[in-house]
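**Student:** here is a sequence with its predicted model. Questions after.
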Amino acid sequence: MHLADEIQEFNHKSQAAHAFHFQYISELLGNKGMDVQTIIEKIIAFQIAIPSWALGTGGTRFGRFPGGGEPRSLEEKIEDVGLLHQLNQSSNSISLHIPWDIPRDPAALKSHLKAHGLKIDSVNSNTFQDQEDQPLSYKFGSLCHTDAAVRQQAVDHNIACIEHGKALDSKVLTVWLADGSNFPGQQHFRRAWQRTADSLANIYQAMPHDWTMLIEYKPYEPNFYSMVIPDWGTSYSLCQHLGKNAQVLVDLGHHLPNTNIEQIVARLMHFGRLGGFHFNGSMYGDDDLTTGSIKPYQFFLIFNELVDAMSDPKVKNPPLAWMIDASHNVKDPLEDLLQSVQNILITYAKALLVDRTALAAVQENNDVVAAEELLRDVFATDTRALVAEAARQSGGAMDPIGVYRSLGIRGQLIEKRGKKSVATGL
Ligand SMILES: [Mn+2]
């Protein structure tokens, strides 16, 4: 039986239970004057890119414990994302990492993508590690390096990424720099910023006019004293230096504990400079845990700001690139991604339920308790039936992980690819 038919059969089996939950939330929202079908259509339209490096089991510097059946090639990575998309109908693109996923035959790859209903999202450059055939080392930085020849090598690599992306119809280059210093005095802060800005300008100029450069920030790791781009302010300053096609990328895990990420998101959208989003879960730092697994309320508050700005016609922020950037070492990577997408959709759905007119009124009146209660009421609303209904209407599985497990898909992948196949990447 084909997977599409299997999905229909599973949906059919749980239809009665689903109808009960869906009826309840439909009445609840209907009584508040909301149109449930409009919300469902927004959930269906929300698509999250899957990074090619999240399809293998992640690890730490201490070890890696792959579960087998990992994709051995870019083609197999596309097959895995195609499988995810078939299950949840919400993962219609794949983000590539160069040089881990250099497309050898773009035409063949494009037809492979099309066959799976997918497209290429962003291309991601890598100047945080040395490649075997690379003449100069990034040990002391790439775009910020003191040696102009190293900077040029890193610029050329980013331009090569743009070329690979053009061949696959991508329109986004994501730049994350590991550049920084490990000890006080090692790096001159102002000169490092200026060299980075000049290098980025050379890449920006090589970018087609309809492309976007996303600049990601991170407070620490792999450098532990200073990072050249540690925070959103530095990313923003570089974007202003470059031009309107440069945007800040917020990665949820790239903040120090207790940072008010929802306020950062609101600020950047107010300035029209939020370009993309990397979803993951974080306890301490860049933990790359499953999205929404640790602080679901904070995640809701972030989505609340995103939806608030997206639904305000006065906000002139471009459409955002949504991507998962996580991979963990104790879960089946495909189950982890299915969980993450479900958590994102459930939280997005909650943010869609906020009565923005009522919230604005209590905010303007300084009614602290009413404002907080309004958000808490929405946060406590169970939106899973809305997400399940969106999946049902778009041909996906109402319970994607249930279907994945019942069909023994990991076992099939191990049989096909072997117990010891390990995906390229982190
Ligand atoms: Mn990221």
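**Tutor:** Thanks, I have the structure now.
**Student:** shaky segments in the chain?
**Tutor:** Applying pLDDT under 70 to the chain flags the ranges 424-426.
**Student:** nearest residue to the middle of it?
**Tutor:** Met323 (2.0 Å; CA atoms, centre = their mean).
**Student:** next, the closest residue to the ion within the stretch 101-250 of the chain: phi, psi?
**Tutor:** Closest contact between the stretch 101-250 of the chain and the ion, by CB to the ion, is at Glu216 (5.5 Å). The C-beta positions use only the backbone N, C-alpha and C, and glycine is treated the same way. Per-residue torsions, Glu216: phi -90, psi 150 (degrees, to the nearest 10).
**Student:** hmm, back to that, any idea which helix or strand carries the residue nearest to the centre of the chain?
**Tutor:** Using DSSP states H and E, Met323 maps to strand 321-324.
**Student:** so which elements touch that strand?
**Tutor:** Using 3 or more CB pairs under 8 Å, 6 or more residues apart in numbering; DSSP states H and E, the elements in contact with strand 321-324 are strand 50-51, strand 119-124, strand 274-279, helix 333-352.
**Student:** which residues are contacting it?
**Tutor:** 46-51, 54, 95, 121-122, 172, 212, 214, 249, 275-280, 291, 337, 340-341, 344 (CB atoms under 8 Å, 6 or more residues apart in numbering).
**Student:** buried residues in that strand, which are they?
**Tutor:** For strand 321-324, a neighbour-count test (16 or more other CB atoms under 10 Å) marks Ala321, Trp322, Met323, Ile324 as buried.
**Student:** how close does the third one get to Gln23?
**Tutor:** Put plainly, it is Met323. The gap separating Met323 from Gln23 is 34 Å, by CB to CB, to the nearest Å.
**Student:** what do you get for the first one?
**Tutor:** Separation of Ala321 from Gln23 (CB to CB) stands at 36 Å.
**Student:** quick one: contacts for the closest residue to Asn343 other than its chain neighbours?
**Tutor:** Leaving aside its sequence neighbours, Asn343 sits nearest to Gly292 (CB to CB, 6 or more residues apart in numbering; 3.3 Å). The contact partners of Gly292, taken as CB under 8 Å, 6+ apart, are Gly281, Phe299, Ser340, Asn343, Ile344, Ile346, Thr347.
**Student:** these: which two are farthest apart?
**Tutor:** The two members of these with the most space between them (CB to CB) are Gly281 and Ile346, at 13.8 Å.
**Student:** circling back: among the contacts of strand 321-324, name the buried ones.
**Tutor:** Burial by neighbour count, 16+ other CB under 10 Å: within the contacts of strand 321-324 this picks out 46, 48-51, 54, 95, 121-122, 172, 212, 214, 249, 275-280, 291, 337, 340-341, 344.
**Student:** restrict the residues you listed to those near the ion?
**Tutor:** His278 (CB under 5 Å from the ion).
**Student:** so Val315: helix, strand or coil?
**Tutor:** Assigned by DSSP: H, G, I helix; E, B strand; the rest coil, the conformation of Val315 is coil.
**Student:** returning to that earlier point: secondary structure class for the residue nearest to Asn343?
**Tutor:** Secondary structure, three-state DSSP: Gly292 is coil.
**Student:** from the ion, how far off is it?
**Tutor:** To the ion, Gly292 is 16 Å away according to CB to the ion, to the nearest Å.
**Student:** neighbours of the nearest residue to Ser199 once chain neighbours are set aside, how many?
**Tutor:** Leaving aside its chain neighbours, Ser199 sits nearest to Leu143 (3.8 Å; criterion: CB to CB, 6+ apart). Counted with other CB atoms under 10 Å, the burial measure for Leu143 works out to 28 neighbours.
**Student:** was I right about Leu87 contacting Leu338?
**Tutor:** Yes - at 6.5 Å, Leu87 counts as touching Leu338 under the criterion of CB atoms under 8 Å.
**Student:** who does whatever helix or strand Ile25 lives in touch, helix- and strand-wise?
**Tutor:** According to DSSP H and E, Ile25 maps onto helix 15-31. Using 3+ CB pairs under 8 Å, 6+ apart as the contact test, the elements touching helix 15-31 are helix 36-45, helix 384-394.
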